[in-house]
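In: sequence unavailable; structure follows:
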DNA sequence: CGGGGATGTTGACGGCGTCCACATCGGCGC
DNA sequence: GCGCCGATGTGGACGCCGTCAACATCCCCG
């Protein structure tokens, strides 16, 4: 029937690229209810394959979840980049760097609110893992992930002599701020109205920027490091 | 055998206060591996009772977990209070209010690092819940929980005319900062050394305080609200 | 002192992750 | 051209899990 099994979307062999299909289904599950909704048997069912077929491509369920997490981080980075690309330069390099940092933060939080399931899946270390014995791998980061994008924005501010702390410290605190706010808006403050939520995002990003930069108060930056 | 079944630690009736014992065992499980480690059958096993006995006291497993979460929050509030009580007044009301806020933040983060399992269990809304249909109850807060303690500290700063934002906004941002930093230190930055971790806590708390107050830059506070 | 309601047990069901043995298919060497 | 072998997928089983229904036990109140 298929003369060209090399067609990308075509299944080449037995099933074709089952691995990819399983990850795809896993992403869909994660979108519906977070990491704990990624269930091996259901994932296989959706692809139309026996549960054990997955074991030819993943050593166990957590491996599949890790793969989904990677994809979730990829999409988060994408969303941050998208928000970044909507920043138009004003000419003032310092102000631009600051507004780009704000955009990165907005992108992070907006993605979290738009895709709570994927967001919850994205950072494996940020959820309780039931005492896993094997984890010597230091979590190889995807090339230019969310963390890298944030760090880029902060490095630009650093170059403009606006940063109050070393870049590493600033990155950690900025990340903490937007990550924490995302979780709070999804959790204990989930009942906020649309406007309240938008206001919280604006204030939250401004809070982070204010804490990291000193320009807002018109003071000579204190360079450490 | 027991003439006085009213003895607190004595089991009065069939088992005694099984409910309490189950929660206790649940807390222990949570300490070992977070909320997903709280497993009904194992909890019952540890108490030495049939799994279904739990259903006389909880309508289902999530109810038990909620009870454990309540206890986790109670202990968090305790830790924050303990850190608070180590603050000695210097006479300067404004400076005291600020340093008390810092203490509250330190207490939060330190508890998270000392009891990661309980901390992960404490805020049900902050983890992915697999599409629960029944949740109209707005989560009745424990009397003076972590949130209230944080708000108290911020209200004191507000009274000293040091707060840059409305109290509600400030509370949300402060909470986000310490919560996010806690998760990051437990997750992606779990490999930090003892000193690095302490430094991160100090910097993080300072970052939050700097973003919320304007005293650090010697400027007249801008009162909104 | 006897019945009834609160409490705990037994047994069962379906779903889950995972292991083991078996079936199927297709490319590669002869 | 053909047969074989490794890669891929299937079926069945095991021991967990949460939950339900029926039954057993025990104290308290009338």
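Out: Arrived safely, thanks for sending. All of these numbers come straight from a predicted model, not from anything done at the bench.

In: helices along chain A, start to end?
Out: Listed in chain order, the helices of chain A (DSSP state H) span residues A:18-33, A:40-47, A:61-85, A:93-114, A:116-122, A:146-159, A:167-186, A:194-212.

In: make a markdown table from these and add mean pLDDT to it.
Out: Output for the helices of chain A, formatted as a markdown table (pLDDT from 0 to 100):
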| stretch | mean pLDDT |
| --- | --- |
| helix A:18-33 | 96 |
| helix A:40-47 | 97 |
| helix A:61-85 | 96 |
| helix A:93-114 | 95 |
| helix A:116-122 | 96 |
| helix A:146-159 | 93 |
| helix A:167-186 | 96 |
| helix A:194-212 | 95 |
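
In: now these as JSON lines including mean neighbour count and distance to residue B:89?
Out: (C-beta placed from N, C-alpha, C; glycine too.) As requested, the helices of chain A are arranged in JSON lines below (neighbours: other Cβ atoms under 10 Å in any protein chain shown; distance: least, Cβ to Cβ, whole Å):
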{"stretch": "helix A:18-33", "mean neighbour count": "20", "distance to residue B:89": "49"}
{"stretch": "helix A:40-47", "mean neighbour count": "17", "distance to residue B:89": "58"}
{"stretch": "helix A:61-85", "mean neighbour count": "19", "distance to residue B:89": "44"}
{"stretch": "helix A:93-114", "mean neighbour count": "20", "distance to residue B:89": "36"}
{"stretch": "helix A:116-122", "mean neighbour count": "26", "distance to residue B:89": "42"}
{"stretch": "helix A:146-159", "mean neighbour count": "20", "distance to residue B:89": "37"}
{"stretch": "helix A:167-186", "mean neighbour count": "24", "distance to residue B:89": "28"}
{"stretch": "helix A:194-212", "mean neighbour count": "19", "distance to residue B:89": "26"}
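
In: what's the closest of these to DNA strand D?
Out: For DNA strand D, the closest of the helices of chain A is helix A:18-33, at 3.9 Å, according to Cβ to the nearest atom of the strand.

In: what's the closest one packed up against?
Out: Judged by 3 or more Cβ pairs under 8 Å, 6 or more residues apart in numbering or on different chains; DSSP states H and E, the packing partners of helix A:18-33 are helix A:40-47, helix A:61-85, helix A:116-122.

In: can you put the ones you listed in CSV and add distance to chain B?
Out: Listed next are those as CSV, based on distance: least, Cβ to the nearest Cβ, whole Å:
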stretch, distance to chain B
helix A:40-47, 12
helix A:61-85, 11
helix A:116-122, 4
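
In: now those in JSON lines, with distance to residue B:94?
Out: Formatted as JSON lines, these follow (distance: least, Cβ to Cβ, whole Å):
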{"stretch": "helix A:40-47", "distance to residue B:94": "57"}
{"stretch": "helix A:61-85", "distance to residue B:94": "38"}
{"stretch": "helix A:116-122", "distance to residue B:94": "38"}
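
In: closest one to residue A:93 among those helices?
Out: Residue A:93 sits nearest to helix A:61-85 of all these, at 15.7 Å, using Cβ to Cβ.

In: how about the residues of chain A by DNA strand D?
Out: When proximity is defined as Cβ under 7 Å from any atom of the strand, chain A approaches DNA strand D at A:13-16, A:18, A:49-53, A:55-57.

In: swap in 10 Å and give it another go.
Out: Counting by Cβ under 10 Å from any atom of the strand, the residues of chain A lying close to DNA strand D are A:11-19, A:21-22, A:41, A:44, A:47-57.

In: and these, which are buried?
Out: A:17, A:18, A:21, A:22, A:44, A:47, A:49, A:54, A:57 (16 or more other Cβ atoms under 10 Å in any protein chain shown).

In: which ones are touching the second one?
Out: Residue A:18 is in contact with A:47, A:49, A:53, A:54, A:56, A:57, counting by Cβ atoms under 8 Å, 6 or more residues apart in numbering or on different chains.

In: of all pairs in these, which one is the farthest apart?
Out: Spatial extent of the contacts of residue A:18 (Cβ to Cβ) is set by the pair A:47 and A:56 at 12.5 Å.

In: got the residues of chain A near DNA strand C?
Out: A:5, A:12-14, A:29, A:36-45, A:50-56, A:58-65.

In: go again using 6 Å as the cut-off
Out: Within chain A, the positions adjacent to DNA strand C are A:13, A:39, A:40, A:41, A:42, A:51, A:52, A:60, A:61 by Cβ under 6 Å from any atom of the strand.

In: how about JSON lines for those, with distance to residue A:165 added?
Out: Below are the residues of chain A next to DNA strand C laid out as JSON lines (distance: Cβ to Cβ, whole Å):
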{"residue": "A:13", "distance to residue A:165": "53"}
{"residue": "A:39", "distance to residue A:165": "43"}
{"residue": "A:40", "distance to residue A:165": "44"}
{"residue": "A:41", "distance to residue A:165": "48"}
{"residue": "A:42", "distance to residue A:165": "45"}
{"residue": "A:51", "distance to residue A:165": "50"}
{"residue": "A:52", "distance to residue A:165": "51"}
{"residue": "A:60", "distance to residue A:165": "41"}
{"residue": "A:61", "distance to residue A:165": "40"}
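
In: pick out the most distant pair among the residues you listed.
Out: The distance between the two most remote of those (Cβ to Cβ) is 25.8 Å, for A:13 and A:39.

In: ok, residue A:19 touching residue A:53?
Out: No: contact between residue A:19 and residue A:53 fails when scored by Cβ atoms under 8 Å: they sit 10.1 Å apart.

In: and the contacts of stretch A:110-125?
Out: Contact with stretch A:110-125 is made by A:27, A:30-35, A:37-38, A:65-66, A:68-69, A:71-73, A:75-76, A:79-80, A:83, A:127, A:139, A:146, A:182-183, A:185-186, A:197, A:201, B:127-128, B:186-188, B:190, as judged by Cβ under 8 Å, 6+ apart.
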